[in-house]
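[1] sequence and computational prediction follow.
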Amino acid sequence: MMQASTFSFRADEVFSEQTRAMATSLGLKSSDYIRQAVTEKNAQVMAHRIAALSRELAEEHLQINESLEGTLSDGID
């Protein structure tokens, strides 16, 4: 079973009221609504990080291939 921990943050009254209203409109507790929002944001940030790393690796791979391209025919007839 997962052990829960508590996050606490300060928000202005407008943010708090809007968040409670949106959660209620979806039939959720505010904590569940916020948990889902943070989970979605975490996934989005992770996807962006993975995409950036993938682009970096692709660029490195391209540079390596280009540097080796000229050596493919060296000494081979």
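    Looks like it arrived, so ask away. Residues are numbered from 1 along each chain as shown.
[2] distance between the host helix or strand of R55 and the chain's centre?
    For R55, the host element (DSSP states H and E) is helix 30-69. Remark: helix 30-69 is offset 7 Å from the chain centroid, using Cα atoms, centre = their mean, to the nearest Å.
[3] tell me what it is packed against?
    helix 13-25 (3 or more Cβ pairs under 8 Å, 6 or more residues apart in numbering; DSSP states H and E). For glycine as for every other residue, the C-beta is placed from the backbone atoms N, C-alpha and C.
[4] what angle separates the helix holding R55 from helix 13-25?
    100 degrees (axes from the mean of the first three to the mean of the last three Cα atoms, to 10 degrees).
[5] 51 is where my numbering starts, stick with that
    With the count now opening at 51, the last piece we talked about shows up as helix 80-119.
[6] mind listing what's buried in helix 80-119?
    Y83, I84 (16 or more other Cβ atoms under 10 Å).
[7] torsion angles phi and psi at G77?
    phi 70, psi 30 (degrees, to the nearest 10).
[8] with L76 instead?
    phi -100, psi 0.
[9] and for it, the neighbour number?
    10 (other Cβ atoms under 10 Å).
[10] do the same with R70
    13.
[11] so what's it up against?
    Going by Cβ atoms under 8 Å, 6 or more residues apart in numbering, R70 touches S80.
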